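>>> need a 3D model of the following:
(chains A, B and C)
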Amino acid sequence: MIQLVIAAVLIMGCLGLVLGLVIGFFAKVFKVETDPRIELVTELLPGANCGGCGKAGCSDFAKSVVNGENPPGKCPVSSKEQITAIAMALGVDPGSAFPRRAVVRCGGDIHQVNRKINYNGVLDCASANLISGGPKGCRYGCIGMGSCAAKCPFGAIEIINNLAVVHEELCVGCGTCAAVCPRGVIELVPMNSRVHVYCNSPEKGPEKRKNCKVSCLGCRKCERLAPEKFKVEGFLARVDYEADPPPTEEDVEKVGCPTGALLTASRHYEIETFDPEFSIK
Amino acid sequence: MNKSTRSVMTFKNGIYPVYHGKELSEGAATRIAPLLARYTVPVAQNAGKPPEVIVKAGDKVKKYQLIARASGFVSANLHSPVSGEVKGIIEVPGATGVPAQAVEIISDGLDEALPPLPEIDWKQADPKELLDRIAACGLVGMGGASFPTHVKLSPPPEKEIDTLILNGAECEPFLTADHRLMLEDPHAVLAGAAIMSRILGIDRIFIGVEMNKIDAIEVLQEKSASYGVRIVPLKVQYPQGSEKQLINAITGRDVPAGGLPMDARCVVQNIGTAAAAADAVIRGIPLVERIVTVTGPVVKTPGNWKLRIGTPVIEAVRLAEGVTEEPGKLILGGPMMGFSQRSFDVPTAKNTSGILLLSQDQAVNYESGNCIRCGRCVQGCPMHLMPCALAAAIESGRFDIAQQNHVMDCLECGACAYVCPAKRPLVQHHRRAKAEIRRQMQKK
Amino acid sequence: MEENSNSSTSDILMPTGESLVVSSSPHVVSPERTSRIMGKVLLALLFPLAGGIWFFGWKAAWVVFLTTVFCVAAEALWCKLAGRPVRKTVLDGSAAVTGVILGLNCPPEVPFYVPLIGAVLAIWIGKQVFGGLGYNPFNPAVVARVGLLIALPAAMTVWTPPRGMDKDFPEIKEFRTPVDAVTCATPLSIAGNTPKIKTNDFFAHENFKKIDNPELLEKYFWGVKGGCIGEVCVPAILIGAVLLVCFNLINWRVPVCYVGTVAVITGVVNYFYPGVTPSPLFHLLTGGLLFAACFMATDMVTCPITGTGCIFFAMGCGIITSVIRIWGNYPEGVSFAILFMNALVPLIDKWSGTRPFGYVLKRKGEV
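This next block holds a predicted model:
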């Protein structure tokens, strides 16, 4: 019995030794030289592989950072501390990506829509858009079938009442959703902007009104009352995101948008949670 | 029947729709629509570059007057269908769902026409002259794709062409416009065919007609000899009227994948285009009206009308004495490939072959189920693709796999989705993949 | 052409366009539905079932009833637990088809727990864990049958003598239990238990004569043999199969190639070594080959899509079945063969895809 045990131990031991030697040999001979800094940076990066930096995932970005092609700050997801850590480790300038955030420029949830469409087909924004389908009459607004929500690597988008809503605290501004949206409703805006125009339709006011209660009618009230912060292009008001200081909640109150297309981001979210106080007057 | 019934030609695969619906309107003689008060003529009525509008609000126009000039080679002229005043360039719902620019013309009730262009003796005329006339009259393919006719008729010199095929298959259920045209105006069709063959410099001309239009075949056969045209009876099979399938059925040639009919030494034109060519050359009038089938189970008196382009669909429905109940679906074109509309304001165009209204029962929302791999879509696909496998790849977002499996060759004919027992939206998936792949290719 | 006259009638009903549905083409669809397909399959399955009832009595119907009810119940329960629409899933009829096929694959007298376990195996392990109808790589009924065969070999091999089987039958003489019920063997199990003679002499020719002679083959054809409920009556199976082909529900290549491959292989072996395996006709008429080739291998979900693929698939099934029957330990190899080839279907599909229209010219160049 004891002999058997000894034999087994010996055989396994020898086997392990021989194989270990072989592996060690090949590891030495066929070693691929990698920059250890790439690994280090990859570890410091968030690892979401969102592509927000324009590279194919975090390790690709790490390579470009190490090679000096991109500053570490170009990662939209990392916090300031993380970026500083990477910059310190590499001894480079952290650089700054303008921290951005996604905004769904549409306020028309299914209750705000005047004209609904009986759409029958694939429940996917791109497919519906191809035949100008979708549940709502507006051809420029959010379709609300959640293609962006499905793609968001951070789970920051939720569909409420057929409208995509960005949860600000989760969004890092990687831009995946904006690339997916077939109607280009989602825009990346500077993070410090708290006020947005929630309408994307360039149509004339009455046309929009036919479709939606909360569309921007292009009445120019905002432009008149705060010309340095809001611009009306065609029939659609836009927030001037270059403006310094950016528009605030006070500006929104001062303007008092007649349809409620001009809102702060937090209120956009609150409307979707059926707060009657913020429903359209 | 005569011996031609025994030797009907066809292609491989395809489907046999059980419900044709042609009986609703095939017996109704074409009627000329009365003058309307207002027309909205879409500007982009041709594939390629839309023409350039040369009228502005307030302009007085006459019937047949040029209102938009071709803005390049692959573009077509557009003429006013009526005399009156241009009210403006407005946005109307487009047939494909995308809003379109249209010239709004208010009729003055006089219907004054410009004098027609001089007649050309096409038997002696120079092919170039004929081609110029066709281009001047703004002819486009009237079967659906609306490709400018003069472009199709001037193939690059290195492409050898030996066959002209006129497409009278009209394989879509419900539509009877081409059928009525062949019955009522066979001389125009045949003369148009002869004119086109003269432009191309060939003498092999076929007209393919499906066997469910026996009367049209007989009428054409009677008159065809003097024009040197051969009538080919085709099996009633969908999509017999698709260019590639028609060429295959009549000549036995395969159009190479991604290629055009001219790669199989053929030019295919619609019956209606041929008649319009005859009108342009012999009568000297541009293309401003066409036969449209207004039909459907809920239409009170289905029939065929000669409608001017730019007629709002609601007016066409009024001609058919309205509906018997509120329709559940409005389709421009046939039920297999037409586009469902969301409003009755959409105007007709040069390629509108039918206005189809389905009842609410027929437009019920089919809930699609799981693919049970029955293979009916594979048996039905005229392009010999595997729609079920493509849809599976597309549903999981793998457009690269779909591309490898030739989704770009899909005709969107709808045969697969028609036969699918699980009612899967196969065509919509394929459309999505094609759009996505095209977008990616443009990016590169 | 005539001038239109009725343009100004005011009392016509005009559409408002309020209930227009927007959807992708095509706007008309064929009346065929998944549930109808399953209904037609059930109709075809009635024939083998009727054959089984004729030969084994109403207890056979009871077994099939139990498997069907349990299968439908298992499907409903799973959908309930998984939060999927119960009604829609049950009404597509696929569980009922699986249940009937499973029942027809059971011996005529099985205790009630066999259908119960079989149904759970078929619907849960065979189908729903993969995502339900259409996603299962293996035929659920075959999964259940193989599972039962391995887990409960005793219960699954108690064969009741069919109507018309008398004492002279070799099967009944061989095995007779001393307890209350009379049982018999299947011809295949007798063949499997017969020692093989690997020569080509007189004894080899006589080796299977007892169970493989023209007189008995005729009885086997009509259904007088031990076996599962559905597999005994050959004419009924053939009628069902013809129905399926007529309804365009199965690819005729599968049964033809399957049976043909088995016939060829057993025929060749039988010709050179008659003492090793009985004649091909014996193989065709006994066991579950015909039933499986017509109803189980042809299952839409688990067999290749294209005709070429079906030929490869069926030939693979035939080869494995023959190998197991001639040289294997199990008397019957049909279920294992189908299960194995099911696993290869994605691969076969990949190899046997269709050639899209217009691709031949590109390869060969213009002719």
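
>>> contacting residues for residue 195?
Reading this off chain A. Taking CB atoms under 8 Å, 6 or more residues apart in numbering or on different chains, we find residue A:195 in contact with A:229, A:239, A:246-249, A:251-252, A:262-265. Every residue, glycine included, has its C-beta placed from N, CA and C.

>>> meant chain B actually
B:122, B:130, B:274, B:277-278, B:281.

>>> do the same with residue B:21
Going by CB under 8 Å, 6+ apart, residue B:21 touches B:173-174, B:295-297, B:335.

>>> circling back to that earlier point, closest to chain C out of the contacts of residue B:195?
Using CB to the nearest CB, residue B:278 comes nearest to chain C of the contacts of residue B:195, at 15.8 Å.

>>> how about the closest one, secondary structure?
Three-state assignment for residue B:278 (DSSP: H, G, I helix; E, B strand; the rest coil): helix.

>>> ok, now residue B:86?
Put simply, residue B:86 is strand when judged by three-state DSSP.

>>> what is the neighbour count of it?
As a burial measure, residue B:86 scores 20 neighbours (other CB atoms under 10 Å in any protein chain shown).

>>> repeat that for residue C:111.
A count of neighbours around residue C:111, defined by other CB under 10 Å, yields 11.

>>> please parse chain C into its domains.
Chain C breaks down by automatic domain parsing into domains covering C:34-156, C:170-347.

>>> and the shortest one, does that touch chain B?
It stands for domain C:34-156. Yes - using CB under 8 Å from any CB of the partner chain, we find that domain C:34-156 touches chain B at C:34, C:36-37, C:88, C:92, C:94, C:131-135.

>>> do the last one as well
Yes - residues of domain C:170-347 are located near chain B by CB under 8 Å from any CB, namely C:248-249, C:251, C:300-301, C:303, C:305-306.

>>> who wins for neighbours among the contacts of residue B:21?
Counting neighbours by other CB under 10 Å, residue B:174 comes out on top of the contacts of residue B:21 with 33 neighbours.

>>> give the contact list for that one.
B:20-22, B:24-25, B:293, B:295-296, B:334-335, B:354, B:356.

>>> quick check, it in a strand?
No - the assignment for residue B:174 is coil, going by three-state DSSP, so no strand is present there.

>>> how about it, phi and psi?
The phi/psi pair for residue B:174 (degrees, to the nearest 10) reads phi 80, psi -30.

>>> for residue B:106, same thing?
Residue torsions, per degrees, to the nearest 10, at residue B:106 are phi -100, psi 120.

>>> circling back: chain A is nearest to which of the domains of chain C?
Of all those, it is domain C:34-156 that lies closest to chain A, at 15.4 Å by CB to the nearest CB.

>>> what about the closest one, near chain A?
No - for domain C:34-156, no contact with chain A is found by CB under 8 Å from any CB; the gap never falls below 15.4 Å.

>>> mean confidence for that domain?
For domain C:34-156, the mean per-residue pLDDT is 93.

>>> list the single closest residue to the residue in chain A positioned nearest to chain B in space, sequence neighbours excluded.
Using CB to the nearest CB, the single residue of chain A nearest to chain B is residue A:132, 2.9 Å away. Nearest non-adjacent residue to residue A:132, counting by CB to CB, 6 or more residues apart in numbering or on different chains: residue B:97, 2.9 Å away.

>>> same question, residue B:138
Residue B:138 sits nearest to residue B:77 (CB to CB, 6+ apart), 3.7 Å away.

>>> before we move on, what about residue A:191?
Counting by CB to CB, 6+ apart, the residue nearest residue A:191 is residue A:99, at 4.2 Å.

>>> next one: residue B:401
For residue B:401, ignoring the flanking residues on the chain, the nearest one in space by CB to CB, 6+ apart is residue B:393 at 4.1 Å.

>>> quick check: phi and psi on the one you found?
Per-residue torsions, residue B:393: phi -70, psi -40 (degrees, to the nearest 10).

>>> what's the burial count for it?
When neighbours are defined as other CB under 10 Å, residue B:393 has 21 of them.

>>> what's near enough to touch it?
Residue B:393 sits next to B:399, B:401-402, B:405 when contact means CB under 8 Å, 6+ apart.

>>> any idea how far it is from residue B:378?
Distance of residue B:393 to residue B:378, given as CB to CB, to the nearest Å: 15 Å.

>>> show me the contacts for the closest residue to residue B:325 other than its chain neighbours.
Setting aside the residues directly before and after it, residue B:325 is nearest to residue B:298 in space (CB to CB, 6+ apart), at 5.4 Å. Residues near residue B:298 by CB under 8 Å, 6+ apart: B:323-327, B:357-359.

>>> any chance of the contacts of residue B:21 in TSV, plus distance to residue A:46 and pLDDT?
Formatted as TSV, the contacts of residue B:21 follow (distance: CB to CB, whole Å; pLDDT from 0 to 100):
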residue	distance to residue A:46	pLDDT
B:173	56	92
B:174	57	93
B:295	60	94
B:296	57	92
B:297	59	92
B:335	51	92
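
>>> between those residues, which sits nearest chain C?
residue B:335 (4.4 Å).

>>> quick one: the closest one and residue C:29 touch, right?
No - Residue B:335 is beyond contact range of residue C:29, at 9.5 Å (criterion: CB atoms under 8 Å).

>>> give me every residue in chain B lying close to chain A.
Within reach of chain A by CB under 8 Å from any CB, chain B has these residues: B:91, B:96-99, B:339-340, B:342, B:363, B:365-366, B:425, B:428-429, B:431-432, B:435-436.

>>> just the buried ones from the residues of domain C:170-347 next to chain B?
Applying a neighbour-count criterion of 16 or more other CB atoms under 10 Å in any protein chain shown, the buried members of those are C:249, C:251, C:300-301, C:303, C:305-306.

>>> mind listing what's buried along the longest helix along chain C?
Longest helix in chain C by number of residues (criterion: DSSP state H): helix C:58-82. Buried residues in helix C:58-82, counted by 16+ other CB under 10 Å: C:60-76, C:78-79.

>>> which elements pack onto that helix?
With contacts taken as 3 or more CB pairs under 8 Å, 6 or more residues apart in numbering or on different chains; DSSP states H and E, helix C:58-82 sits against helix C:34-56, helix C:86-91, helix C:94-104, helix C:113-120.

>>> can you pull out the strands in chain A?
Under the criterion DSSP state E, chain A contains strands at A:100-104, A:118-120, A:157-160, A:163-166, A:186-190, A:195-197, A:230-233, A:236-239, A:262-264.

>>> where's the dip in pLDDT among the contacts of residue B:174?
Minimum pLDDT across those is recorded for residue B:20, with 79.

>>> ok, now how distant is residue C:349 from residue C:244?
Distance, residue C:349 to residue C:244, using CB to CB: 21 Å.

>>> between these two, who's got more neighbours?
Shown here are residue C:349 and residue C:244; by other CB under 10 Å, residue C:244 has more neighbours (22 against 18).

>>> my guess is the more buried one meets residue C:44, correct?
Yes - contact criterion CB under 8 Å: residue C:244 and residue C:44 qualify, at 4.9 Å.

>>> who touches both of those two?
By CB under 8 Å, 6+ apart, residue C:244 and residue C:44 have these common neighbours: residue C:295.

>>> what about the strands in the stretch 301-444 of chain B?
For the stretch 301-444 of chain B, the strands defined by DSSP state E, counting those that start in this stretch cover B:303-308, B:329-332, B:339-341, B:354-358.

>>> just the C-alpha atoms of stretch B:183-193, please, in PDB.
The C-alpha coordinates for stretch B:183-193 follow below in PDB (Å, rounded to 0.1, in the frame of the first residue of the first chain):
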ATOM      1  CA  LEU B 183     -55.600  45.200 -72.600                       C
ATOM      2  CA  GLU B 184     -56.700  48.700 -73.400                       C
ATOM      3  CA  ASP B 185     -53.600  50.200 -75.100                       C
ATOM      4  CA  PRO B 186     -51.600  47.300 -76.600                       C
ATOM      5  CA  HIS B 187     -50.400  49.500 -79.400                       C
ATOM      6  CA  ALA B 188     -48.700  52.000 -77.100                       C
ATOM      7  CA  VAL B 189     -47.000  49.200 -75.200                       C
ATOM      8  CA  LEU B 190     -45.800  47.500 -78.300                       C
ATOM      9  CA  ALA B 191     -44.700  50.700 -79.900                       C
ATOM     10  CA  GLY B 192     -42.900  51.700 -76.800                       C
ATOM     11  CA  ALA B 193     -41.100  48.400 -76.800                       C
END
